[in-house]
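A.B. asks: show me how the following folds:
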Amino acid sequence: MSDPHPARAPEKEDKRTFLQKVVEFIHPGPDSPEELIETLAEAESNDVIGADSRVMLERVIRMADMTAGDVMVAAPRMDLIDIDAPFEELLRVVINTAHSRFPVYQGERENIIGILMAKDLLKLQRAPELNIRALLRPAVFVPESKGLNDLLREFRGNRNHLAVVIDEFGRVAGLITIEDVLEQIVGEIEDEFDIPEDEGDIFGLADRTFRVSGDTPVERVAEAFGMAIAGSDPDEVFETIGGLIAHEMGHVPKRGEQTELCGLQFTVLHTKGGAVRWFKVMPVAQDKTPST
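C.D. replies: As a prediction, this is how the structure comes out:
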């Protein structure tokens, strides 16, 4: 005999994928990318998708209209290696800039002959007789008009993480990395320089120089290096060393730029968002060292 009061059947689990939910929500489809972005915002408001998903999808949509020229590092800011430079100079560039890949040129900067992986320099320790030229990998060249969607597909397909960007006249316009492309989707990617503030702001390096965060208070730097630090204008007061250095230079510092202030040499190691994230600092007088 059947149960006259059967238990209520449990609600069926929603097995639709995230993509299916989005497709069903926006059906019929919008007529333009702007309408699609508005629809995604509405989907977020109705809890169909989360805020992070909406932001990422919106970035993917906008990236469809972007090219390599929109996000590349311009040629004047490229860190290049001269194949004919002494090994010590080459090694200094690799250490100071802290990149993993470097375009290599011969003669003129426009004449890029390959890409050097920083890790490949370790091979020279086992085989000092090895020629640097033998370590070079083929350079990939793309036009400024190359769409980011196509470029990302090529990066994934050929496993290259860097491409040299060429303008319409065949000149080097800049370079672009897979990180530059992915940041258009997921936002800024943290790297080895992005150390949490609670881990400190001044670090000793193996070459007896120091890495100093751009947001380190001026007083903290002065205390560490045992010297008074002030700008050329006594009426200007700056809280951070990055702000002070930018004021003294008269412009937003770029990677690789150097300046001296109050007995210290500041080299820009890394910038993000128009501000210096890290300086390499060393006393001009080598007999002065920071207190520990």
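A.B. asks: point out where the stretch 1-150 of the chain drops to low pLDDT.
C.D. replies: Across the stretch 1-150 of the chain, residues meeting the criterion (pLDDT under 70) sit at 1-33, 125.
A.B. asks: for it, just list every one of the strands.
C.D. replies: Assigned by DSSP state E, counting those that start in this stretch, the strands in the stretch 1-150 of the chain fall at 73-74, 81-82, 101-105, 112-117, 141-143.
A.B. asks: can you add distance to residue 260 and mean neighbour count and give these back as TSV?
C.D. replies: For the C-beta atoms, the positions are set from N, CA and C on the backbone; glycine is no exception. Supplementary listing: those in TSV, determined by distance: least, CB to CB, whole Å; neighbours: other CB atoms under 10 Å:
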stretch	distance to residue 260	mean neighbour count
strand 73-74	26	14
strand 81-82	25	18
strand 101-105	27	21
strand 112-117	30	20
strand 141-143	38	16
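A.B. asks: now do the SS call for residue 271.
C.D. replies: Look at residue 271: counting by DSSP: H, G, I helix; E, B strand; the rest coil, its state is strand.
A.B. asks: please report how far it lies from residue 230.
C.D. replies: Between residue 271 and residue 230 the distance is 24 Å, computed by CB to CB, to the nearest Å.
A.B. asks: between the two, who's got more neighbours?
C.D. replies: Legend: neighbour count by other CB atoms under 10 Å for residue 271 and residue 230, higher for residue 271 (20 against 14).
A.B. asks: test my guess that that one contacts residue 254.
C.D. replies: Yes: the pair residue 271 and residue 254 qualifies as a contact (CB atoms under 8 Å) at a distance of 6.7 Å.
A.B. asks: which one of the strands of the stretch 1-150 of the chain lies closest to residue 61?
C.D. replies: Closest to residue 61 of the strands of the stretch 1-150 of the chain is strand 141-143 (CB to CB; 22.1 Å).
A.B. asks: which sections of the stretch 151-292 of the chain are below the confidence cut-off?
C.D. replies: Scanning the stretch 151-292 of the chain for pLDDT under 70 picks out the ranges 187-200, 206-207, 273-274, 285-292.
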